[in-house]
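**Q** when you get a sec, could you give me coordinates for this:
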Amino acid sequence: MEFKIEHTWNSFPVSHDPVMIRLTPENAGMLMEVSAPFFNDPPAPPGEPGKPFSGLWDYEVVEAFFLNGQTEQYLEVELCPHGQHLVLLLSGRRKVCKQELLLLYEVSRVSARWNGRVHLPWSYFPPSTDKFNAFAIHGSGVNRIYEALYPVPPHEIRKEQKPDFHRLEYFKSLNLNKLMGEDWKQPLSDLWDFCKWTS
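**A** Below is the predicted model of the structure:
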């Protein structure tokens, strides 16, 4: 499965080559690959590459959200071109139940682009994942740019509205059986059992 982020959060076309996201099957999980322009704005976060970094959304980042549309449980994966990452498990809109989970994340930069590869174990995905959205952020201050795979439709934008990546109503269907095979069943996860009891 391949996706291109071609619009800002409020449905304007992006002014650069789009961010690309590819999802492919892997043993015990999914491989997510990112190819994106490298803006180097803001500068690198002050965290060790390869490690989780809280607040990564304030830097240059590509984010993928995997949602169960019925329960509003979702996995948020944030990848930075400088090597830091952040994984959040949320049970309800903006309700974090686990964070800073570990990832096997590799990143490389060639000229004005960066490429990331990350293994996402099935244990991180909410049960019955069926919706998806992806986002990209770069720039500083008033030049901060927020982009979305599935943006807010123009006719639904209100005056003074701000970008909000947790608008779950704009996520669209993701059929994991098309990726994994018709007979595949998503494995259960003890992590989400924990979230159920703590939400």
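**Q** so what's residue 114 closest to, chain neighbours aside?
**A** The shortest distance from residue 114 to any non-neighbouring residue, by C-beta to C-beta, 6 or more residues apart in numbering, is to residue 81 (3.9 Å). All C-beta atoms are positioned from the backbone trio N, CA, C, and that covers glycine.
**Q** my bad, residue 195
**A** Using C-beta to C-beta, 6+ apart and skipping the chain neighbours, the partner closest in space to residue 195 is residue 97 (3.8 Å).
**Q** count of neighbours near the residue nearest to residue 114?
**A** By other C-beta atoms under 10 Å, 24 other residues sit near residue 81.
**Q** residues contacting the closest residue to residue 165 other than its chain neighbours?
**A** If the residues on either side of it in the chain are set aside, residue 165 comes closest to residue 135, at 5.1 Å by C-beta to C-beta, 6+ apart. For residue 135, the contacting residues are 5, 9, 62-65, 146-149, 165, by C-beta atoms under 8 Å, 6 or more residues apart in numbering.
**Q** residue 135 bridge partners, please.
**A** Per DSSP bridges, the residues bridged to residue 135 are residue 63, residue 148.
**Q** still on that earlier bit, does the residue nearest to residue 114 count as helix, strand or coil?
**A** The three-state label given to residue 81 by DSSP: H, G, I helix; E, B strand; the rest coil is coil.
**Q** that one contacts residue 38, correct?
**A** Yes: counting by C-beta atoms under 8 Å, residue 81 touches residue 38, with 5.4 Å between them.
**Q** how many other residues sit next to residue 88?
**A** A count of neighbours around residue 88, defined by other C-beta under 10 Å, yields 23.
**Q** helix or strand: which one has it?
**A** Using DSSP states H and E, residue 88 falls within strand 85-91.
**Q** list the buried ones in the very next helix or strand once past that strand?
**A** Using DSSP H and E, the helix or strand that follows strand 85-91 in sequence is strand 96-99. Residues 97-98 are the ones in strand 96-99 that count as buried (16 or more other C-beta atoms under 10 Å).
**Q** got the contact list for the following helix or strand past strand 96-99?
**A** Going down the chain from strand 96-99, the next helix or strand is strand 104-110, by DSSP H and E. The contact list for strand 104-110 (C-beta under 8 Å, 6+ apart) reads 38, 49-50, 79-83, 85, 114-119.
**Q** how big is the angle separating strand 104-110 from strand 85-91?
**A** Strand 104-110 and strand 85-91 are oriented at 130 degrees to each other (axes from the mean of the first three to the mean of the last three C-alpha atoms, to 10 degrees).
**Q** show me how far strand 104-110 is from its chain's centre.
**A** Centre-to-centre, strand 104-110 and its host chain are 16 Å apart (C-alpha atoms, centre = their mean, to the nearest Å).
**Q** before I go, just wanted to say thanks for your time.
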